[in-house]
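*Asks:* Got a sequence here, can you build the structure:
(one chain, ligands or ions: 2)
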Amino acid sequence: ARAADAGVTRHQVTLWARNAAQVQALQAERANTRYLPGIALPASLLLQGGGEASLSQAVSGQDLIILATPVSAARSMLMQLKHVKVPVAWLSKGFESPVSAEPASASLAKPFGLMVHEVRAQVAPDLRAGVFSGPSFALEVARGQPTALVAASEHAEVREALVAAFHGASLRVYASDDMVGVEVGGAVKNVMAIAAGLCDGLQLGLNARAALITRGLAEITRLGVALGARAETFTGLSGLGDLVLTATGDLSRNRKVGLLLAQGKTLAEVLESLGHVAEGVYCARTVVQRAAGLGVDMPIAQSVVALLDGKLKASEAVALLMEREPKTELDCY
Ligand SMILES: NC(=O)c1ccc[n+]([C@@H]2O[C@H](COP(=O)([O-])OP(=O)(O)OC[C@H]3O[C@@H](n4cnc5c(N)ncnc54)[C@H](O)[C@@H]3O)[C@@H](O)[C@H]2O)c1
Ligand SMILES: O=P(O)(O)OC[C@H](O)CO
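*Replies:* Ligands and ions are numbered 1, 2, ... in the order given. Below you'll find the model as predicted:
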């Protein structure tokens, strides 16, 4: 919607959704009252929806396609779009998690979840694809508040298409060729944001939150480098930038999960009251499993999984993290 707004003279944007009734409601109200209250959809935005046939209709003749779905929908969307010739980019942040509803112990024997660029390599290898990430609460983007993002792809033309389409007065877009780093940062910051919500909910203090963010970034960097990312990417918008936003910003759904768990609610109660997807809940187990497979130590992420599984109380997790063996700070990268 923002692209349509910013680019009244630059772009014609079509928003496709799978649910025809939802599209009708958006059309009638010219607003998404549930997710973006108070934001009028730009008059130039075309709305379409329904089944698979209408998706191929909606993408036909477009210059650029953006997938704005949770990670759980990325595989099916990419399969439907695998023959598309124009650049495709996703906003999804997470690891695919077929085992998301199960406790970590039950899922250890099953295949590791994949990042979306890995899913794309499996199901749509010929697609020219990228990821669009960085610190960006949708509501602030929709309000036109200043935001900086990173457009990552191995294909220069995909990076250039994203910059050309979105760079403007309220959105600054940087290019990157480190898709692995950008995807790891965007996914794992959600797990760390759950921990930061817990930390604040338990009133552990500002020192504790700063330590958590810093050591969380060390964990994210270790996993990312082991997966083939460049370490510098984690100091950028999709790493440190998005981690700080999500760990400290009260618009974050993942941070909210931690805040509600700290009030003593069960995970089921938290997810019911949230009414939105908090990707960290679904990918925390996968993150820990992939890290374990690579011999990467992720004590904060492990604590989050144990908390989500109800195997550890928050006070016990804090004690375990504090009692770890002393280490040299920079040797941990
Ligand atoms: N909301 C934000 O502020 C924000 C910002 C940056 C990135 N993200 C990331 O973008 C992704 C989407 O987040 P969101 O907040 O828009 O989530 P959401 O739950 O609102 O989902 C977005 C849309 O995806 C649709 N969808 C779900 N499953 C689908 C399927 N199987 N096929 C087709 N469509 C499907 C939903 O109906 C919805 O319209 C997440 O990975 C999130 O981490 C969100
Ligand atoms: O609301 P969250 O926690 O899913 O965070 C949204 C975005 O990822 C912030 O960049």
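*Asks:* Of all the residues in stretch 201-218, which ones are buried?
*Replies:* G201, L202, L204, A208, R209, L212, I213, R215, G216, L217, A218 (16 or more other CB atoms under 10 Å). (Each C-beta comes from the backbone N, C-alpha and C, glycine too.)
*Asks:* wait, does it contact ligand 2?
*Replies:* No. Stretch 201-218 lies out of reach of ligand 2 by CB under 6 Å from any ligand atom, never closer than 13.8 Å.
*Asks:* List the contacts of that stretch.
*Replies:* 189, 192, 195-196, 199-200, 234, 239-240, 243-244, 247-248, 258-263, 300, 314-315, 318, 332-333 (CB atoms under 8 Å, 6 or more residues apart in numbering).
*Asks:* Now, these that are in helices?
*Replies:* Mapping the contacts of stretch 201-218 onto helices (DSSP state H) picks out 189, 192, 195-196, 199-200, 243-244, 247-248, 258-262, 300, 314-315, 318.
*Asks:* Just the buried residues from those residues, in ChimeraX please.
*Replies:* Buried residues within the ones in helices among the contacts of stretch 201-218, by 16+ other CB under 10 Å, are selected in ChimeraX with:
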select :189,192,195,196,199,200,243,244,247,248,258,259,260,261,262,300,314,318
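*Asks:* where in the stretch 151-300 of the chain is pLDDT low?
*Replies:* When residues are selected by pLDDT under 70, none of them lie in the stretch 151-300 of the chain.
*Asks:* For it, which segments count as helices?
*Replies:* Using DSSP state H, counting those that start in this stretch, the helices of the stretch 151-300 of the chain run over 156-166, 179-201, 206-226, 242-248, 253-262, 267-274, 279-293, 299-308.
*Asks:* what about the nearest residue to G249 once chain neighbours are set aside, neighbour count?
*Replies:* Setting aside the residues directly before and after it, G249 is nearest to F137 in space (CB to CB, 6 or more residues apart in numbering), at 6.5 Å. F137: 17 surrounding residues under other CB atoms under 10 Å.
*Asks:* doesn't L251 make contact with F137?
*Replies:* Yes. With contact defined as CB atoms under 8 Å, F137 and L251 form a contacting pair (4.3 Å).
*Asks:* Kindly report the domain assignment for the protein.
*Replies:* 2-180, 187-332 (automatic domain parsing).
*Asks:* Buried deepest among those domains, which one?
*Replies:* Comparing the domains of the chain by mean neighbour count (mean count of other CB atoms under 10 Å), domain 187-332 comes out on top with a mean of 19.
*Asks:* Show me how far that one is from its chain's centre.
*Replies:* Domain 187-332 sits 13 Å away from the centroid of its parent chain (CA atoms, centre = their mean, to the nearest Å).
*Asks:* quick one: is it near ligand 1?
*Replies:* Yes. Counting by CB under 6 Å from any ligand atom, ligand 1 is contacted by domain 187-332 at H276, V277, E279.
*Asks:* Could you list which residues are in contact with whichever residue of the stretch 201-333 of the chain sits closest to ligand 1?
*Replies:* Among the residues of the stretch 201-333 of the chain, V277 lies closest to ligand 1, at 4.1 Å counting by CB to the nearest ligand atom. Contact analysis of V277 by CB under 8 Å, 6+ apart lists P70, R253.
*Asks:* ok, now how distant is it from S92?
*Replies:* Applying CB to CB, to the nearest Å, the value for V277 to S92 is 10 Å.
*Asks:* Mutual contacts of these two, please.
*Replies:* P70.
*Asks:* end-to-end on stretch 33-52?
*Replies:* With CA to CA, to the nearest Å as the measure, stretch 33-52 spans 25 Å from end to end.
*Asks:* and what of stretch 153-173?
*Replies:* First residue to last in stretch 153-173 (CA to CA) measures 13 Å.
*Asks:* what's in contact with that stretch?
*Replies:* Residues from elsewhere that reach stretch 153-173, judged by CB under 8 Å, 6+ apart: 2-3, 6-7, 10-11, 63-64, 86-87, 89, 128-132, 141, 144-152, 175-177, 179.
*Asks:* In strands, which of those residues appear?
*Replies:* Among the contacts of stretch 153-173, the members found in strands (DSSP state E) are 89, 129-132, 147-152, 175-176.
*Asks:* For my notes, please list these in TSV and give distance to ligand 2 for each entry.
*Replies:* Listed next are the ones in strands among the contacts of stretch 153-173 as TSV, based on distance: CB to the nearest ligand atom, whole Å:
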residue	distance to ligand 2
A89	15
A129	19
G130	17
V131	12
F132	11
T147	9
A148	11
L149	9
V150	11
A151	14
A152	15
A175	18
S176	16
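*Asks:* Please list the residues of the stretch 1-150 of the chain that sit near ligand 1.
*Replies:* Looking at ligand 1, the residues of the stretch 1-150 of the chain close enough under CB under 6 Å from any ligand atom are 17-18, 35, 68-71, 73, 76-77, 91-94, 136-138.
*Asks:* Those residues in helices, which ones?
*Replies:* In helices, defined here by DSSP H, the members of those are S76, M77, A138.
*Asks:* ok, the residues you listed vs ligand 2, which is closest?
*Replies:* Of these, the one sitting nearest to ligand 2 (CB to the nearest ligand atom) turns out to be A138, at 7.2 Å.
*Asks:* Report the separation between the closest one and G186.
*Replies:* 14 Å.
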